[in-house]
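*Asks:* Have a look; sequence and predicted model below, questions after that.
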Amino acid sequence: MSTRCGFVAIVGAPNAGKSTLLNRMTGAKLSIVSPKAQTTRFRVLGILMRGTTQMLLVDTPGIFRPRRKLDRAMVAAAWTGAQDADLAVLLVDAKSGATEAVREIVARLKETGRRCWLVLNKIDLVSPAQLLPLTASLTALMAFEQVFMVSASNGDGLDGLLDALAATLPEGPYLFPEDELTDLPDRLLAAEIVREQIFLQTHEEVPYGTTVETESFKERKDGSVRIEATIYVARAGHKSILIGAGGARIREIGAKARSHLGQLLDRPVHLFLNVKERAGWDEERARLRAIGLDDADQA
Ligand SMILES: Nc1nc2c(ncn2[C@@H]2O[C@H](COP(=O)(O)OP(=O)(O)OP(=O)(O)O)[C@@H](O)[C@H]2O)c(=O)[nH]1
Ligand SMILES: [Mg+2]
């Protein structure tokens, strides 16, 4: 029996719902999600079996005009994801529509000459009458092979999308064991879950000026795991906001992240967070490497 296997990169503007889509399609929490733009910072692989097809779904950082080294590495990681894939899926927030940011991405996708499908997301937020003109304005810019309309949050339209993806990927052997979900190491997952809480619980510049690194991850004899993580902040002011009055904010970040990680790792978690001020971390190679942005992404 012949099998199929291939990479599908999910690309788009920040906040389009790419990570929500990856999680929904794989049925697992692999990539963190928040209502804020620029949540995802590196490529996240989700492995999904559908019949005799192994789909390798790649969530990528939102594409925007980068300023900092961190931003440049994020955007470069997104384009590398698209470049390395058999197929790119451009995810567009149907509510925001064909914004300038989306148009710029389409122009660049067109230049790459990659196979590309258009997927309109968040259709639960718009009236069906708005979808046709939006599709028309985007397909006028580029010849997408196929167009789908979905809601990553409630799952509408995803079955059709998954069936079509499974059928279009090239024939070939599976590249990963069939029961594998991702290649994301637990240490990185732990840091990401802490960062997700920072994105959910702090505002303005604070989440963008923050990175999280797992310092130690130790399995204990009683079956629990002890995790120590450092939160680097770019400014002293951010440190006091993160810690909060009497340590209330950092306690809440730790409590939510610990409970979430306990579910994901399926065992009790002891989580210790340490906040350190480190001006310029977002320009430091070592910090970027620690979150999986390799040198190739730092052009
Ligand atoms: N109503 C609705 N909200 C959605 C849908 N998909 C995603 N969202 C919400 O949109 C916001 C952004 O979702 P993410 O999945 O983090 O978006 P992203 O494209 O990964 O964003 P970046 O990583 O910042 O590029 C979150 O608040 C999601 O809950 C959808 O289909 N419908
Ligand atoms: Mg994301």
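*Replies:* Cool, got the structure. Ligands and ions are numbered 1, 2, ... in the order given.
*Asks:* how about the residues of the chain near ligand 2?
*Replies:* 18-19, 39-40 (CB under 5 Å from the ion). Heads up, the C-betas are built off the backbone N, CA and C, glycines and all.
*Asks:* mind listing the helices in the stretch 51-200 of the chain by residue range?
*Replies:* 69-84, 100-112, 131-139, 158-168, 186-201 (DSSP state H, counting those that start in this stretch).
*Asks:* Kindly reformat those as CSV and extend each row with distance to A236 and mean neighbour count.
*Replies:* Listed next are the helices of the stretch 51-200 of the chain as CSV, based on distance: least, CB to CB, whole Å; neighbours: other CB atoms under 10 Å:
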stretch, distance to A236, mean neighbour count
helix 69-84, 19, 21
helix 100-112, 33, 16
helix 131-139, 45, 14
helix 158-168, 45, 16
helix 186-201, 17, 22
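*Asks:* can you put these in JSON lines and add mean pLDDT?
*Replies:* Shown next, in JSON lines, are the helices of the stretch 51-200 of the chain (pLDDT from 0 to 100):
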{"stretch": "helix 69-84", "mean pLDDT": "94"}
{"stretch": "helix 100-112", "mean pLDDT": "96"}
{"stretch": "helix 131-139", "mean pLDDT": "98"}
{"stretch": "helix 158-168", "mean pLDDT": "98"}
{"stretch": "helix 186-201", "mean pLDDT": "98"}
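*Asks:* For ligand 1, what is the nearest residue in the stretch 51-200 of the chain?
*Replies:* Scanning the stretch 51-200 of the chain for proximity to ligand 1 using CB to the nearest ligand atom identifies G62 as nearest, at 2.6 Å.
*Asks:* Chain neighbours aside, what residue packs nearest to that residue?
*Replies:* P14 (2.9 Å; CB to CB, 6 or more residues apart in numbering).
*Asks:* How much space separates A190 from Q197?
*Replies:* As judged by CB to CB, to the nearest Å, A190 and Q197 stand 12 Å apart.
*Asks:* which residues of this protein fall in strands?
*Replies:* Along the chain, the segments classed as strands by DSSP state E run 4-12, 44-50, 53-59, 87-93, 116-121, 147-149, 210-219, 225-233, 269-277.
*Asks:* what's the angle from the first one to strand 116-121?
*Replies:* If I follow you right, that is strand 4-12. Following axes from the mean of the first three to the mean of the last three CA atoms, to 10 degrees, one obtains 60 degrees for the angle between strand 4-12 and strand 116-121.
*Asks:* helices or strands up against strand 4-12?
*Replies:* helix 18-26, strand 53-59, helix 69-84, strand 87-93, helix 100-112 (3 or more CB pairs under 8 Å, 6 or more residues apart in numbering; DSSP states H and E).
*Asks:* what's the answer for the fifth one, then?
*Replies:* The elements that strand 116-121 packs onto, with contact taken as 3+ CB pairs under 8 Å, 6+ apart, are strand 87-93, helix 131-139, strand 147-149.
*Asks:* Quickly run through the sheet partners of the first one, with directions.
*Replies:* Right, the one you point to is strand 87-93. For strand 87-93, the paired strands and their directions (DSSP bridges) are strand 4-12 (parallel), strand 116-121 (parallel).
*Asks:* so how many other residues sit close to L184?
*Replies:* Using other CB atoms under 10 Å, L184 has 17 neighbouring residues.
*Asks:* and what of F176?
*Replies:* 15.
*Asks:* these two touch, right, it and Q54?
*Replies:* Yes - with contact defined as CB atoms under 8 Å, F176 and Q54 form a contacting pair (6.7 Å).
*Asks:* if I look at those two, which residues touch both of them?
*Replies:* I47 (CB atoms under 8 Å, 6 or more residues apart in numbering).
*Asks:* at contact distance from ligand 1, anything in stretch 141-153?
*Replies:* Yes - using CB under 6 Å from any ligand atom, stretch 141-153 reaches ligand 1 at 151-153.
*Asks:* re earlier: with distance to V33 as added columns, please give the helices and strands packed on strand 4-12 in a markdown table.
*Replies:* Output for the helices and strands packed on strand 4-12, formatted as a markdown table (distance: least, CB to CB, whole Å):
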| stretch | distance to V33 |
| --- | --- |
| helix 18-26 | 5 |
| strand 53-59 | 10 |
| helix 69-84 | 16 |
| strand 87-93 | 13 |
| helix 100-112 | 19 |
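*Asks:* for those, which one sits closest to T210?
*Replies:* When those are compared by CB to CB, helix 69-84 sits nearest T210, at 10.7 Å.
*Asks:* what packs against that closest one?
*Replies:* Applying 3+ CB pairs under 8 Å, 6+ apart, we find helix 69-84 packed against strand 4-12, helix 100-112, helix 285-290.
*Asks:* which residues sit in contact with T26?
*Replies:* 46-48, 57, 181-182.
*Asks:* And for R24, the neighbour number?
*Replies:* The local packing of R24 (other CB under 10 Å) involves 18 other residues.
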